[in-house]
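Q: Output the structure for:
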Amino acid sequence: MLTDFHTHILPEMDDGSSGIEESLKLLTMLKGSGVERVVLTPHFYRHNENIETFLIRRERSYKKLLEAVSTFPDCPELILGAEVYFYPSLSSDPDFEKLCIENTEYMLLELPFEHFYDSFFSDFVKFMNRCNKRIILAHIERYLSFGNTQKEIERLLSMGNIVCQMNCTSLAESGFFMRKRLLNMISDGTVKLLGTDTHNTRNRPPMFGEAKNIIIKKCGNKIFDDICRSGDIILNK
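A: Below you'll find the predicted structure:
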């Protein structure tokens, strides 16, 4: 099944969907691309609120969306999650596990947009040592824009149970050389999951169909099927 692992479709939760109408438009666009499951991952920033407050807001928004899609024919399956911004003491929070993707041991984690110096790796390895969950690194390709190389990415992946997610927009809109680099990350198995990271219908629409076509054309059906199977395994489907 086609799964979008990274979206900001829940209405009025963050800098994503501004309301129910936009959420429904985004879901319609994803459905048109063949997406059958959508993981709802609003931003969680510990410096803005605690986990309990975030979960209350998320549940309120989710109920509104469920009510709105009750008449949506063949709406993609909606799965609760969060895009959790990394902070060193995250895994010490007693409510930490509640940020995982619904009914899984996986959490979508966003790292700082900066070069990964030794101080970051020191914090990250401590986090991973305390963390008893599996981590999905959000938009892994974005960190390449801050001076990080394949060496830093490999160092990250050596630190525990980590899976990488790539944004569909990065594939669809990148130039020749960057796209080649991203496709290599998919072909060699570094990237296991896709997400649109869609925020709105204007400048951050979902581009799942475009990414799917590029992967199949350049990497083959088997590689794309492997991505779909990875999603099935994570979601226990």
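Q: tally of neighbours for Pro73?
A: For Pro73, the number of neighbouring residues by other Cβ atoms under 10 Å comes to 6. Just so you know, the C-beta spots here come from the backbone N, C-alpha and C atoms, and that holds for glycine as well.
Q: same thing with Asn48?
A: Asn48 - counted by other Cβ under 10 Å - has 11 other residues nearby.
Q: how about low-confidence regions in this protein?
A: Applying pLDDT under 70 to the chain picks out residues 237.
Q: which stretches of it form strands?
A: For the chain, strands defined by DSSP state E occupy the ranges 3-7, 37-40, 43-44, 77-80, 83-85, 106-110, 134-137, 162-167, 191-195.
Q: most neighbours per residue, which of these?
A: strand 3-7 (a mean of 27; mean count of other Cβ atoms under 10 Å).
Q: So what's the gap between that strand and the chain middle?
A: 6 Å (Cα atoms, centre = their mean, to the nearest Å).
Q: Ok, stretch 172-179 next?
A: How far stretch 172-179 lies from its chain's middle: 20 Å, per Cα atoms, centre = their mean.
Q: Stretch 46-66 too?
A: 17 Å.
Q: Return the set of buried residues in it.
A: 51, 54-55, 57-58, 61-62, 64-65 (16 or more other Cβ atoms under 10 Å).
Q: Identify the single longest helix in the chain, thanks.
A: Counting by DSSP state H, the longest helix found in the chain is helix 51-69.
Q: helices or strands up against it?
A: Helix 51-69 is packed against helix 20-32, strand 77-80, with contacts defined by 3 or more Cβ pairs under 8 Å, 6 or more residues apart in numbering; DSSP states H and E.
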